[in-house]
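> Based on what follows, work out the 3D shape:
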Amino acid sequence: MRVYALDHVQLAMPRGLEDQARSFYRDVLGLTEITKPPGLAKRGGVWFSGGDLHLHLGVEEDFRPARKAHPALLVEDLAELVALCESAGYEVAHDAGDLHGYNHVYVTDPFGNRVELMERVAAP
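Here you go, the predicted structure:
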C-alpha cells in the first residue's frame, strides 16, 4: 500500500458566492468548471479542473480565508496571468521570495484565500 498522487485540493468559500469563484478561477485563471455530483451540489460551492489539476471550493458556514496555507498552481506565461489578475482587480504579491527553478507570485482569490502561481524556469 502507498500514497501515490494528489486527487484534488479544496479551499473554503462563503455560501452563495459561486459566481465570484467562477469569475476568478474560470474567467481569470482559465480553469474549467466541473459539474458537481447531485448529492454534493446541494451543499453549494464549485469545482474546477485544468490539466491534471482538480480544485474544489466548498462552502464553509463559519468561513475564514486561508491566508497562509495555499495551493500552488503550475502555470504557463506567468507574466500574462499576473496581468490578467491585476486587470481584474485581484491583489498580487510580487515579493514572493526566491524559489529555485521557479518564478512565482501569490494572488488573493475573491474570498481572501492565498493562491500561489508558479512557472518553471529553464535551467541555465
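> And the residue nearest to residue 108 when sequence neighbours are not counted, how close does it get to residue 64?
In space, and not counting its chain neighbours, residue 108 is closest to residue 91: 4.4 Å by Cβ to Cβ, 6 or more residues apart in numbering. In short, each C-beta sits where N, CA and C put it, glycine included. The spacing between residue 91 and residue 64, counted by Cβ to Cβ, to the nearest Å, is 17 Å.
> the strands in this structure, which residues?
9-13, 32-34, 46-50, 53-59, 72-74, 92-93, 102-108, 114-120 (DSSP state E).
> pull the CA atoms of the third one into PDB?
These are the backbone C-alpha positions of strand 46-50, laid out as PDB (Å, rounded to 0.1, in the frame of the first residue of the first chain):
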ATOM      1  CA  VAL A  46     -18.000  24.900  -7.200                       C
ATOM      2  CA  TRP A  47     -15.300  22.600  -8.700                       C
ATOM      3  CA  PHE A  48     -12.700  23.300 -11.400                       C
ATOM      4  CA  SER A  49     -10.100  21.400 -13.300                       C
ATOM      5  CA  GLY A  50      -7.200  22.200 -15.700                       C
END
